[in-house]
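**Q** Sequence first, then the predicted structure, then my questions.
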Amino acid sequence: MSTRQHGVSPDTLQDHSVVDYLRDHPEFFNTHTGLLAEIQVPHQSHGAISLIERQVTVLRDQNQDIKRQLQALVHVARDNDRLNQRVQRLTLALLAAKDLNATLRVIANSLHEDFRADALVLCLLGKTPRLPERDETGQLRLRRLLPDDLDGSFATLLATGKPLCGHLRRSQLNALFEDEAADPAAQIGSAVVLALKSPGEVPARLGLLGIGSRDNKRYHAGMGTLFLSFLGELIGHALARHLP
């Protein structure tokens, strides 16, 4: 059966044979160096260039890509280092807190200063002590709710414990950030919602912590949830020490 019957031209088969041969014999040009001077590779802006010049260009581009990737990794490593330092400070401060008021003060100060939150809302679910409207610093709004008060807006979060990041639905914003949602000057552009739970509690039933920012890009869906889940557990355990 001919190549025409297969719909493949002889030239195409010959090209494949050359490619396969050169791939199987990478040392070919070592023994045919004179051929390199004769080979020309079309270039979009500079006409024809030699194969070696083309290879140098390709390698230079690859080197630039590698440098950009390395710089990105260094940037991420520095961010992670700073993040670890903040979490360490928060952990030590929570351990030193002697009562519920001190614990709330630590949470408010840390999230406001170290994590650049513009709005903080702590919702404790179920039977909890009577709470003031805000903590002593005035930065953390406190709410006591029954699970039904959330109207199913955070049912999946409470069931799985997986944080929410990015742009919340209007119902979710209203359920957590009531004052901010009603005030155009304090609109929440992006947010993180953490599930809080007592030690060994599954699913999370202690409450929710809403961390809001006026910046639309401050919190986003691509954020690593491992750290956020740990933060929710850390704060939940700290609160549980001082709740009945």
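**A** Thanks, I have it. Numbers count the residues shown, from 1 in each chain.
**Q** Now do the longest helix belonging to the chain, average pLDDT.
**A** Longest helix in the chain, counting residues (DSSP state H): helix 51-96. The average pLDDT for helix 51-96 rounds to 85.
**Q** Return the set of buried residues in the helix or strand harbouring residue 227.
**A** Assigned by DSSP states H and E, residue 227 belongs to helix 225-240. For helix 225-240, burial by neighbour count (16 or more other CB atoms under 10 Å) applies to 225, 228, 231-240. (Glycine included, C-beta is placed from N, CA and C.)
**Q** Low-confidence ranges, the protein, go.
**A** When residues are selected by pLDDT under 70, those of the chain lie in 1-13, 33-34, 36-50, 127-129, 147-151, 179-186, 200-204.
**Q** how's it carved up into domains?
**A** Split into domains by automatic domain parsing, the chain comes to 13-96, 98-240.
**Q** now the first one, how far from the centre of its chain.
**A** Centroid separation between domain 13-96 and its chain, computed with CA atoms, centre = their mean, to the nearest Å, is 26 Å.
**Q** From residue 234, how far out is the residue nearest to residue 167 when sequence neighbours are not counted?
**A** Nearest residue to residue 167 in three dimensions, chain neighbours excluded: residue 190, at 6.0 Å (CB to CB, 6 or more residues apart in numbering). To residue 234, residue 190 is 22 Å away according to CB to CB, to the nearest Å.
**Q** Same check on residue 243?
**A** Look at residue 243 and residue 234: by CB to CB, they are 15 Å apart.
**Q** Going along the chain, name the strands of the protein.
**A** 40-43, 47-50, 119-125, 140-145, 164-166, 190-196, 207-213 (DSSP state E).
**Q** how much does the last one deviate in direction from strand 140-145?
**A** What it means is strand 207-213. Comparing the axes of strand 207-213 and strand 140-145 via axes from the mean of the first three to the mean of the last three CA atoms, to 10 degrees yields an angle of 140 degrees.
**Q** Can you list the neighbours in contact with strand 207-213?
**A** 107, 111, 115-125, 128, 145, 150, 154, 157-158, 176-177, 180, 188-196, 219, 232, 235-236, 239 (CB atoms under 8 Å, 6 or more residues apart in numbering).
**Q** go with 7 Å
**A** Applying CB atoms under 7 Å, 6 or more residues apart in numbering, the external contacts of strand 207-213 come out as 111, 115, 117-125, 154, 176-177, 180, 188-196, 219, 232, 235.
**Q** again, but for the third one
**A** Outside of strand 119-125, the residues within contact range by CB under 7 Å, 6+ apart are 108, 111-112, 131, 139-147, 176-177, 180, 186, 188, 205-212.
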